[in-house]
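> Below is the structure, and that's it, no one-letter string:
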DNA sequence: GCGGCGTCGGTTGTATGCAAGACATCCCTA
DNA sequence: TAGGGATGTCTTGCATACAACCGACGCCGC
């Protein structure tokens, strides 16, 4: 079933299916090379993930997202990561955990001056590790789950729309700002300043909002973000709701 | 499959299975009277819901929750409902929507003086409608989904642990406080005071925390909250993680 | 000509048969 | 006696066949 799930998710994100159109099982069966049983399990999984929605008469269709959804995803990630930061601060982090965060951030620092693609990749990896570490320190399995529900969305990831920055030299400053946010977060967590940690994490997530606005202004960049084909343009909004 | 899902969820919440024990399919098949196919679909659904977790070698087991999980569920519901309230305030509610909230709250008011069981039931219904309406006004499908993930937990519902209050006459004052919170929320939303709305909704959710602490002190009351059998007592914590 | 009804194609939902994998047990060997 | 390997059973995962449902089209009657 894993094979069906991975391949199907990939197909959907690459825009193989029109949002709203019925996903008949039999065509998918021969396309994916698995039987109906694991296929249906994969469909159900993707529905819980939010990529599909079930139609009235049974069956599924790929869900259409609006630009408002993209903004909400960023905002909600900020809210939940803010909560993670607050939990980490309120509940106390061990010295070892603080050191771990600091270490990740220290590795990011030398990357800020560089401008090549490799440094971007390294940055995204370290960034993701920083966020994952903070979530660990929050020690809340339920928060993990809630965040997972947002992060699993095509444009909900921590590094979503960061890649697009590589194209815009001026937005490289954003990395400097993000690094500063990380520093502030460590300070706040260490000092048990819950409110500050929460506010900082929210603002930190809003960096993605800035990127999003840039991307939405340059339509051609939308191609770079995964699942862009699922996003309905404003004038299609009323059609997509059927 | 609906039949299997509903019945299985009921069985789990009523404590028919030990947390951590393997849920073999064949016994469930004859117990639920459905075949393995819909049963497996139901199992997968409950896993996505968070009631089950999958074991290493395949198969599922009911998940064990800790008291910390219960507290986190309340806190997270507060965070998300706080966000809903803030969205409602920031994005503006129509007069009609404000009126709708006010109307629900007005119906709650006369119930505060009474103390019978019926009034409790009526209160819970209206309370749920108030929260649902606020969520509508927030106009964020993604927020809906995130909240759903918390509310679907056995002790995550809006009215979770409210029933237990019926036993404690002094905690009836809590309803008065909750009513006041609702009033404040309406005011804040109407006046576009996002921060106030968010803070109020968080505090409002924490009412459940107060109830939770009461319940945890009176072990015998735990029986009343659905899914109580899934909650591991503190001394069992290390065992439950296997 | 229009409305209702029946039939047919296609789709999803369910049941069952089959195979592959994991775990435990037991025996054999060193 | 202890360890390792093989075997058998129990389990899940997959494929396929069957049944039930929904919609559409066409036909017949009014």
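Here it is on my side, so go on. Small disclaimer: the values here were computed from a predicted structure and weren't measured. Numbering: from 1, shown residues only, chains lettered A, B, ... in the order given.
> what's the distance between residue A:35 and residue B:34?
20 Å (C-beta to C-beta, to the nearest Å). For the C-beta atoms, the positions are set from N, CA and C on the backbone; glycine is no exception.
> These two: which is more packed in?
Taking neighbours as other C-beta atoms under 10 Å in any protein chain shown, residue A:35 and residue B:34 compare with residue B:34 leading, 19 against 11.
> for the more buried one, helix, strand, or coil?
Using DSSP: H, G, I helix; E, B strand; the rest coil, the three-state assignment for residue B:34 comes out as coil.
> Tell me how many other residues surround the closest residue to DNA strand C within chain A.
Closest contact between chain A and DNA strand C, by C-beta to the nearest atom of the strand, is at residue A:58 (2.9 Å). By other C-beta under 10 Å, the residues close to residue A:58 number 7.
> got it, and the one 3 residues further on?
Other residues within reach of residue A:61 by the criterion other C-beta under 10 Å amount to 18.
> which other residues reach the host helix or strand of it?
Using DSSP states H and E, residue A:61 maps to strand A:60-62. Applying C-beta atoms under 8 Å, 6 or more residues apart in numbering or on different chains, the set of residues contacting strand A:60-62 from outside is A:12, A:17-23, A:43, A:46-47, A:51-55, A:230.
> Try it again at 6 Å.
Outside strand A:60-62, the residues within contact range by C-beta atoms under 6 Å, 6 or more residues apart in numbering or on different chains are A:12, A:17, A:19-20, A:22-23, A:43, A:52, A:54-55.
> Just give me the closest of those to residue B:83.
residue A:52 (24.9 Å; C-beta to C-beta).
> In contact with that closest one: list those residues for me.
Here residue A:52 is in contact with A:46, A:60, A:62 (criterion: C-beta under 6 Å, 6+ apart).
> Specify the beta-bridge partners of it.
Counting by DSSP bridges, residue A:52 forms beta bridges with residue A:62.
> pLDDT score for it?
For residue A:52, the pLDDT comes out at 96.
> picking up where we left off before, tell me the mean pLDDT for the strand holding residue A:61?
For strand A:60-62, the mean pLDDT works out to 96.
> Stretch A:88-95 too?
Rounded mean pLDDT across stretch A:88-95 is 95.
> what about the residue positioned nearest the centre of chain A, which SS state?
The residue lying closest to the centre of chain A (C-alpha atoms, centre = their mean) is residue A:157, at 1.3 Å. Counting by three-state DSSP, the backbone at residue A:157 sits in coil.
> got a pLDDT number for the residue in chain A that chain B sits nearest to?
The minimum distance from chain A to chain B, using C-beta to the nearest C-beta, falls at residue A:48 (4.1 Å). Residue A:48 carries a pLDDT score of 95 in this model.
> for residue A:164, same thing?
What the model reports as pLDDT for residue A:164 is 62.
> I figured residue A:63 hits residue A:53, correct?
Yes. Contact criterion C-beta atoms under 6 Å: residue A:63 and residue A:53 qualify, at 4.8 Å.
> ok, the two, which is more surrounded?
Each of residue A:63 and residue A:53 has its neighbours counted (other C-beta under 10 Å); residue A:63 has more, 20 against 14.
> if we can go back for a sec, would you turn the contacts of strand A:60-62 into TSV with secondary structure and distance to residue B:176?
As requested, those are exported to TSV (DSSP: H, G, I helix; E, B strand; the rest coil; distance: C-beta to C-beta, whole Å):
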residue	secondary structure	distance to residue B:176
A:12	helix	50
A:17	coil	53
A:19	coil	48
A:20	coil	48
A:22	strand	51
A:23	coil	51
A:43	helix	48
A:52	strand	45
A:54	strand	42
A:55	coil	45
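> what's the closest of those to residue B:104?
Looking across the contacts of strand A:60-62 and measuring by C-beta to C-beta, the closest to residue B:104 is residue A:54, at 30.1 Å.
> Identify the spatial nearest neighbour of the residue in chain A positioned nearest to DNA strand D, chain neighbours not counted.
Relative to DNA strand D, the nearest point of chain A is residue A:35 (3.0 Å; C-beta to the nearest atom of the strand). Of all residues not flanking residue A:35 in the chain, residue A:29 sits nearest, at 6.6 Å (C-beta to C-beta, 6 or more residues apart in numbering or on different chains).
> One more: residue A:31?
residue A:11 (7.8 Å).
> That neighbour: which element?
helix A:2-13.
> Quick check: which ranges of chain A have low pLDDT?
A:115, A:161-171, A:234-242 (pLDDT under 70).
> Do a quick rundown of the helices in it.
Assigned by DSSP state H, chain A shows helices spanning A:2-13, A:25-32, A:36-49, A:67-91, A:95-108, A:117-138, A:141-151, A:173-190, A:194-217, A:237-240.
> Export those as a markdown table, with columns for distance to residue B:198 and mean neighbour count.
A markdown table is the format used below for these (distance: least, C-beta to C-beta, whole Å; neighbours: other C-beta atoms under 10 Å in any protein chain shown):
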| stretch | distance to residue B:198 | mean neighbour count |
| --- | --- | --- |
| helix A:2-13 | 33 | 17 |
| helix A:25-32 | 43 | 14 |
| helix A:36-49 | 28 | 19 |
| helix A:67-91 | 9 | 24 |
| helix A:95-108 | 27 | 15 |
| helix A:117-138 | 19 | 18 |
| helix A:141-151 | 17 | 20 |
| helix A:173-190 | 19 | 19 |
| helix A:194-217 | 11 | 20 |
| helix A:237-240 | 27 | 12 |
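> okay, those helices in a markdown table with distance to DNA strand C next?
Formatted as a markdown table, the helices of chain A follow (distance: least, C-beta to the nearest atom of the strand, whole Å):
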| stretch | distance to DNA strand C |
| --- | --- |
| helix A:2-13 | 13 |
| helix A:25-32 | 3 |
| helix A:36-49 | 6 |
| helix A:67-91 | 25 |
| helix A:95-108 | 32 |
| helix A:117-138 | 26 |
| helix A:141-151 | 23 |
| helix A:173-190 | 38 |
| helix A:194-217 | 33 |
| helix A:237-240 | 20 |
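> about what we covered before: surely the residue of chain A closest to chain B touches residue B:47?
No. Proximity of residue A:48 to residue B:47 does not meet the contact threshold set by C-beta under 6 Å, at 9.1 Å.
> was I right about residue A:77 contacting residue A:152?
No. Here residue A:77 lies out of contact with residue A:152, judged by C-beta under 6 Å, at a distance of 11.2 Å.
> circling back: out of the contacts of strand A:60-62, who has the most neighbours?
Highest neighbour count within the contacts of strand A:60-62, by other C-beta under 10 Å: residue A:52, with 23 neighbours.
> and it, how far is that from residue A:45?
In this view, residue A:52 and residue A:45 are 9 Å apart by C-beta to C-beta.
> again with residue A:160
Plainly put, residue A:160 is 21 Å away from residue A:45 if you go by C-beta to C-beta.
> Now tabulate the helices of chain A in JSON lines and tack on distance to residue B:189.
Converted to JSON lines, the helices of chain A look like this (distance: least, C-beta to C-beta, whole Å):
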{"stretch": "helix A:2-13", "distance to residue B:189": "36"}
{"stretch": "helix A:25-32", "distance to residue B:189": "44"}
{"stretch": "helix A:36-49", "distance to residue B:189": "31"}
{"stretch": "helix A:67-91", "distance to residue B:189": "17"}
{"stretch": "helix A:95-108", "distance to residue B:189": "37"}
{"stretch": "helix A:117-138", "distance to residue B:189": "29"}
{"stretch": "helix A:141-151", "distance to residue B:189": "24"}
{"stretch": "helix A:173-190", "distance to residue B:189": "30"}
{"stretch": "helix A:194-217", "distance to residue B:189": "20"}
{"stretch": "helix A:237-240", "distance to residue B:189": "24"}
